[in-house]
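# My questions concern the predicted model and sequence given below.
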Amino acid sequence: MQKEELLAKITGIMQKITSNPNLHVTEETRFEDIEDWDSLNTVDMEMDLESTLSISFEIGEFRELDTISALLDCLAQKLK
Amino acid sequence: MLFNSPVFIFLFLPVALLVYFLLNRANLTIVSKQWLIISSLFFYSWWNVLYLPLMISSILINYFTALQIQNNQKRKKVYMLLGVFFNISFLGYFKYMDFFISNVNAIAGTEFPLLHLVLPLAISFYTIQQIAYLIDSYGGLVKEKNFYDYVLFTTFFPHLLAGPILHHKEMMPQFKTTENKQVNYHNLAAGLFIFSIGLFKKVVIADTFAEWATAGFQNSAQLNLIEAWATSLSYTFQLYFDFSGYTDMAIGVALLFNIKLPQNFNSPYRAINVIDFWSRWHMTLTRFLTAYIYEPIVRSFGKFSFNRAMFATMVTMLIAGLWHGAAWTFVIFGFLHGFAMVLNHYWKKTKIKLPVILAWFLTFSFLNLSFVIFRADNLETVTNIYKAMLGLNGIVIPKILTFINTSAVTFGDVYSHINGKAQTTAYIILALIFILRFPNTTQLAKSFETTLYNLVLTFVFLSVSFSMLSRVSEFLYFNF
């Protein structure tokens, strides 16, 4: 899967979670910079990505990713 | 050994630091690590050498279990579960056994004798740090196997007694980096600056509030309205300045050795809701609880659902409460915070935003009230203080205000039951301004430069603190 395609998927999931269809994310976006982003959103997103992409994260792995760029790298590894 | 004791500041720390860099200069890298480990074990034993074998056993068992997990793919799950079970039992025996026995006795009417074990220092901290290490080994997230690095990661004296709770990923590489083994004068200056802030926060601010808070909780039945509020606010400030002061000192001391510890506080009393508070308060504990308890519970349901996540929040916060101590007051504290977080999540769904000042006021008031439960030895004290805070125990105001001609209040010495003085009110207002308006230590450290201004500031913080070192007191989080 191409990076752009992954980024689009991530954006879609995050828009759904935050109920904000206008949310725009880039590779540089930090999760902590997204307004009202919290642990609940993190685990929601983690589980959504797991089912959408048929992958699995180890305990604590997802939480260590602080930017979209780090998430993309991690996903690229898992989708190899 | 306490960070705020002369023996640490004037003897232990300079010797540990000097020998460490001399050994590294002579290219004795492994010996320098061994030196830091020995120094750390000595630092730990200063309090009570009897608990040293316990900590060493825990470290050895965890290290070799982690090795088995990493090397034995077929049985790694068994080893991980055994390791986690060992750690929970280890902590359970020393921390919760008497609590468990006394509850069994109360419910079943039995008379099993209590063990009266003294809580081994730092056990709650080094145990959960190692649980995380085992789980990460199981998940393949641990790449390091070096024995000395592992022991140093667990025992490194700046964080050993009360955190920050470390993650191997952020520590192990730092012990390996060559440039970290040479004296870095910027880090020495910055480390001393951060240490001086922490020492000041502990010795000058926290210990001043401690006097009023301790007296207030001791005399809870006699408190008037103003005394009760001063007691609760004094403890709220004592807790923050004590624990964040300790953390600053830990971060500062580690930086002298060129080791960067993670941030643990981010101006928590500026939080505008409870979720926000836990992302700013004892951040490394929150990180642990979220990654290793909250998330696994939510994920164990298979499919994400809001209500299940709320259930996980409650369970996690109950565990968080109990982690602080073996008493029902801590369970209630955890329950209240869990409940508040659940309410907070439901509120967020409504998308209604409160004015920031109102949101802050509600959050801070909730925290202040919940810390009464956190501090109190029993529920009777909690009831006494809450009653007095509602004015049910009488209202006393200063004699200077006698022109207010009313029979609803008594005129007299406002702070007599908490050993307070006229300055108590001023201190509380100053502390409030300080936590709301001043940059926190992490922000100051980020912009730190070796200027004359910072040198003078460090000197002032240190000298004022040194002049008050005679009233050395323990840190609150040593009890957890």
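Noted; the coordinates are in hand.

# from memory A:Ser69 sits against A:Glu27, does it?
Yes - with contacts counted by Cβ atoms under 8 Å, A:Ser69 reaches A:Glu27, the gap being 4.1 Å. Yep, even glycine has a C-beta here, placed from its N, CA and C like the rest.

# avg pLDDT for stretch A:17-34?
What stretch A:17-34 shows for mean pLDDT is 89.

# Excluding chain neighbours, give the residue nearest to the residue of the stretch 301-450 of chain B found nearest chain A in space.
Residue nearest to chain A within the stretch 301-450 of chain B (Cβ to the nearest Cβ): B:Phe304, separated by 4.4 Å. Leaving aside its chain neighbours, B:Phe304 sits nearest to A:Met47 (4.4 Å; criterion: Cβ to Cβ, 6 or more residues apart in numbering or on different chains).

# Need the three-state assignment for the one you found.
helix (DSSP: H, G, I helix; E, B strand; the rest coil).

# Could you measure from it over to B:Leu322?
Per Cβ to Cβ, to the nearest Å, A:Met47 is found 27 Å from B:Leu322.

# same deal with B:Arg299?
Applying Cβ to Cβ to B:Arg299 and B:Leu322 gives a distance of 22 Å.

# Could you pull up phi and psi at A:Thr67?
A:Thr67 adopts backbone torsions of phi -130, psi 160, taken as degrees, to the nearest 10.

# surely it meets A:Glu27?
Yes - the pair A:Thr67 / A:Glu27 is scored as a contact, 7.2 Å apart, by Cβ under 8 Å.

# Compare those two (neighbour count), which wins?
The residue with more neighbours, out of A:Thr67 and A:Glu27, is A:Thr67; 17 against 14, by other Cβ atoms under 10 Å in any protein chain shown.

# The residue of chain A found nearest chain B: what secondary structure?
Among the residues of chain A, A:Glu58 lies closest to chain B, at 3.0 Å counting by Cβ to the nearest Cβ. Classification of A:Glu58 by three-state DSSP places it in coil.

# Leaving out sequence neighbours, find the closest residue to it.
Closest to A:Glu58 by Cβ to Cβ, 6+ apart is B:Gly139, at 3.0 Å.

# and that neighbour, how many neighbours?
For B:Gly139, using other Cβ under 10 Å, the count is 17.

# That one against A:Glu61, yeah?
Yes - the pair B:Gly139 and A:Glu61 passes the contact test of Cβ under 8 Å, sitting 6.5 Å apart.

# how distant is the biggest helix by length in chain B from the center of its chain?
Criterion DSSP state H: the longest helix present in chain B is helix B:225-256. Distance, stretch centre to chain centre, for helix B:225-256: 10 Å (Cα atoms, centre = their mean, to the nearest Å).

# Going along the chain from that helix, find the next helix or strand for me.
helix B:274-278 (DSSP states H and E).

# for chain A, what are the low-confidence residue spans?
Where chain A drops to pLDDT under 70, the residues are A:1.

# And the helices in it?
Counting by DSSP H, the helices of chain A are A:3-18, A:39-53, A:68-78.

# Return the first one as PDB; C-alpha atoms alone will do.
The C-alpha coordinates for helix A:3-18 follow below in PDB (Å, rounded to 0.1, in the frame of the first residue of the first chain):
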ATOM      1  CA  LYS A   3       2.100   6.000   1.700                       C
ATOM      2  CA  GLU A   4      -0.500   8.400   0.300                       C
ATOM      3  CA  GLU A   5      -3.100   5.700   0.500                       C
ATOM      4  CA  LEU A   6      -2.200   4.900   4.100                       C
ATOM      5  CA  LEU A   7      -2.200   8.600   5.000                       C
ATOM      6  CA  ALA A   8      -5.700   8.900   3.500                       C
ATOM      7  CA  LYS A   9      -6.900   5.900   5.500                       C
ATOM      8  CA  ILE A  10      -5.400   7.300   8.700                       C
ATOM      9  CA  THR A  11      -7.000  10.700   8.100                       C
ATOM     10  CA  GLY A  12     -10.400   9.000   7.500                       C
ATOM     11  CA  ILE A  13     -10.100   7.100  10.800                       C
ATOM     12  CA  MET A  14      -9.100  10.200  12.700                       C
ATOM     13  CA  GLN A  15     -11.900  12.200  11.200                       C
ATOM     14  CA  LYS A  16     -14.400   9.600  12.200                       C
ATOM     15  CA  ILE A  17     -12.900   9.300  15.800                       C
ATOM     16  CA  THR A  18     -12.900  13.100  16.400                       C
END
